[in-house]
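Participant: how would this look folded up:
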Amino acid sequence: MATTIRFTKMQGAGNDYIYVNTLTHPIEDPIRTSIKWSAYHTGIGSDGLVLIGKSDKADFSMRIFNADGSEAMMCGNASRCIGKYVYENKLTDKEVITLDTLSGIKILKLHIENGLVEEVTVDMDAPLLTNPKQIETKTGGMLAETIIADGKEYKGTFVCMGNPHLVIFVDDINSVNLPAVGPKLENHPLFPERINVEFVEVLPDGSLRMRVWERGSGITMACGTGACATAVAAALNHKAGRKSLVRMDGGDLHIHWDEEDGHVYMTGPAVKVFEGDIEI
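Facilitator: Down below sits the predicted model:
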């Protein structure tokens, strides 16, 4: 017998996911469900499935499954949307929320106007610049080093924001054939867990124009952890200061890599698109 599940479609800077409150609607097979629901022509259509649950360490927990069913450790855009979801659905009245993720506890600060959450600032913790489990170089990291994909040389910088990112600065972002080179870099033998890829152009006003290829999802409109990784890489490569405006296909995010505590703070929108019921 079919079970009806209540879902909410939300997006942060164009990064769209399907959200389910598993406290009332448990999902037994999130891998299969994410693959089926994420399909744009035969399902709901999304970058993946986000499950909101309980936690014994934080106010709520978050699990994220990409469109191909693989589980992600962290998603900044999704975490902002969770802040909006739990507050506006009256699951909490807190304006500062703790969220239990596979990459640790994240702190969400809600920016509320007229009872609605318009923006959320997420403490994304400190970036990791080396992680031998995610990149197989002698140093366990990569800072503006050459990597070859699809017969071309790129200068890449590795930044882990809970999930791994490879940031590549280019002179003209429109010249990048992202559908061709994205999967080659995602599955490059240097990265045993695969990797998210950001191509970045520094614009005349100092902002960072970014396009992303997400592991497990492909081209997406935005990536919160990718924006954070981009800002960190820009600072490391002396292309920006500690505060950056990252411009993506789906919108802009403000990123601050705090010099005192070393944490990365991401501020951006969270938008409810629609909600509905679907049989599973």
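
Participant: Show me the shaky parts of the stretch 1-150 of the chain.
Facilitator: Within the stretch 1-150 of the chain, the stretches with pLDDT under 70 are 1.

Participant: Check the average confidence over the helix or strand hosting E201, would you?
Facilitator: Per DSSP states H and E, E201 falls inside strand 196-202. Averaging pLDDT along strand 196-202 yields 98.

Participant: Against T230, how distant is the residue lying closest to G76 once chain neighbours are set aside?
Facilitator: Here the nearest residue to G76 in space, its sequence neighbours aside, is G224; by Cβ to Cβ, 6 or more residues apart in numbering that works out to 2.1 Å. All C-beta atoms are positioned from the backbone trio N, CA, C, and that covers glycine. Applying Cβ to Cβ, to the nearest Å, the value for G224 to T230 is 11 Å.

Participant: partners of T4 in the sheet?
Facilitator: E279 (DSSP bridges).

Participant: right, and it touches V20 too?
Facilitator: No: counting by Cβ atoms under 8 Å, T4 does not reach V20; the two are 11.8 Å apart.

Participant: Reduced to three states, what does T157 come out as?
Facilitator: Following DSSP: H, G, I helix; E, B strand; the rest coil, T157 is assigned to strand.

Participant: Can you classify the closest residue to it other than its chain neighbours by secondary structure?
Facilitator: Sequence neighbours aside, A233 is the residue nearest to T157 in space, at 4.2 Å (criterion: Cβ to Cβ, 6+ apart). Here A233 is helix, with the state taken from three-state DSSP.

Participant: what's near enough to touch A233?
Facilitator: Residues in contact with A233, defined by Cβ atoms under 8 Å, 6 or more residues apart in numbering, are T157, V159, H165, V167, F169, E198, V200.

Participant: can you check A39 too?
Facilitator: Counting by Cβ under 8 Å, 6+ apart, A39 touches G45, A67.

Participant: Please name the nearest non-neighbouring residue to A67.
Facilitator: The shortest distance from A67 to any non-neighbouring residue, by Cβ to Cβ, 6+ apart, is to S38 (3.9 Å).

Participant: Now do the same contact list for the one you found.
Facilitator: I18, I44, G45, S46, D47, G48, L49, N66, A67.

Participant: Now, of the contacts of A233, which are buried?
Facilitator: Burial by neighbour count, judged by 16 or more other Cβ atoms under 10 Å, picks out T157, V159, H165, V167, F169, E198, V200 from these.

Participant: related to what we said a few turns ago, between T4 and V20, point out the one with more neighbours.
Facilitator: V20 (25 against 9; other Cβ atoms under 10 Å).

Participant: Report the beta-bridge partners for that one.
Facilitator: Assigned bridge partners for V20, using DSSP bridges, are L51.

Participant: wait, doesn't it sit right on L49?
Facilitator: Yes: contact criterion Cβ under 8 Å: V20 and L49 qualify, at 7.1 Å.

Participant: Mutual contacts of the two, please.
Facilitator: Listed as contacting both V20 and L49 by Cβ under 8 Å, 6+ apart are I27.

Participant: Do you have the strands of the stretch 1-150 of the chain handy? List them.
Facilitator: Here the stretch 1-150 of the chain has its strands, by DSSP state E, counting those that start in this stretch, at 4-12, 15-21, 48-53, 60-66, 71-72, 96-101, 104-113, 116-123, 145-149.

Participant: Specify which member of the contacts of A233 is nearest to H25.
Facilitator: For those, the minimum distance to H25 (Cβ to Cβ) is 32.0 Å, reached by H165.

Participant: Next, the contact list for the closest one, please.
Facilitator: Contacts for H165 (Cβ under 8 Å, 6+ apart) come out as F158, V159, I195, N196, V197, E198, T225, G226, A229, T230, A233.

Participant: got a list of what the fifth one touches?
Facilitator: If a contact means Cβ under 8 Å, 6+ apart, then V197 has H165, L166, I168, V181, G182, L185, E186, V212, W213 as its contacts.

Participant: Could you measure from the nearest residue to the fourth one once chain neighbours are set aside over to P183?
Facilitator: Counting by Cβ to Cβ, 6+ apart, V181 lies nearest to D150, which is 4.9 Å off, once chain neighbours are set aside. From D150 over to P183 the distance is 9 Å, taken as Cβ to Cβ.

Participant: more crowded one of the two?
Facilitator: P183 (17 against 12).
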